[in-house]
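> here are the coordinates; sequence isn't available:
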C-alpha cells in the first residue's frame, strides 16, 4: 500500500542552522513549529515514540536566495520516501541572503518497530534567474536513516 505523506517546506536563515544537509525523526511536539523542531533536534539521534505523532525533518544545507526547493513524500510498507528537488542558480546575483530549507514530513503515529526513511535529492542547475524551470546537469543523491520506534 502506498500512502502520500503530508510535507511542508520551511525556510530558515542560514545562521540558525547547520551548513550540512541532515535527516532525522523526532516527536511532533504539539504547538512547536518546524523551525523550532529543527533547532532543537538537528544534532540529536532520531527519536520516535510508539503511538505518538512523529515527523521526519530533512534539511538541505545552505542555499542561495534564488534557489528553489520542492518536496513530495510517500509511505510504503514500513519505509518512508521523500523526494527533494533543488533548483540551484549558477550566475551573478546583486545580493544574496543564504537560507536553509527544512522539509517536514508527517510520519503519523507509528507502531513499535524498525523503520527506514529514504531521501532522494535531485539537484538541477539554472543560469537565467528569471527562468528556474530551464535547468540542466541533474545530479541525484540518496540518503537513508534507519530508526526504531520504541
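On my side now, so go ahead. Predicted model only: the values in this text are computed from it and were never measured.
> can you give me phi and psi for residue 36?
phi -70, psi -40 (degrees, to the nearest 10).
> Looks to me like residue 51 is in a helix.
No - looking at residue 51 with DSSP: H, G, I helix; E, B strand; the rest coil, it is coil, so not inside a helix.
> measure it to residue 74 for me?
For residue 51, the distance to residue 74 (C-beta to C-beta, to the nearest Å) stands at 22 Å. The way it works is simple: take the backbone N, C-alpha and C, and place the C-beta from them, glycine included.
> Please say which of those two ends up with more neighbours.
Neighbours of residue 51 and residue 74, each counted by other C-beta atoms under 10 Å, are more numerous for residue 74; the result is 16 against 11.
> Quickly find the element holding that one.
Assessed by DSSP states H and E, residue 74 sits inside strand 68-76.
> hmm, who's touching that strand?
By C-beta atoms under 8 Å, 6 or more residues apart in numbering, the list of residues contacting strand 68-76 from outside reads 1-7, 9, 56, 58, 60, 63, 80-87, 101, 103, 105, 107, 132.
> Please indicate which of the residues you listed are buried?
When neighbours are counted using 16 or more other C-beta atoms under 10 Å, the contacts of strand 68-76 contain these buried positions: 5, 7, 9, 56, 58, 60, 63, 80-87, 101, 103, 105, 107, 132.
> All good on my end, thank you.
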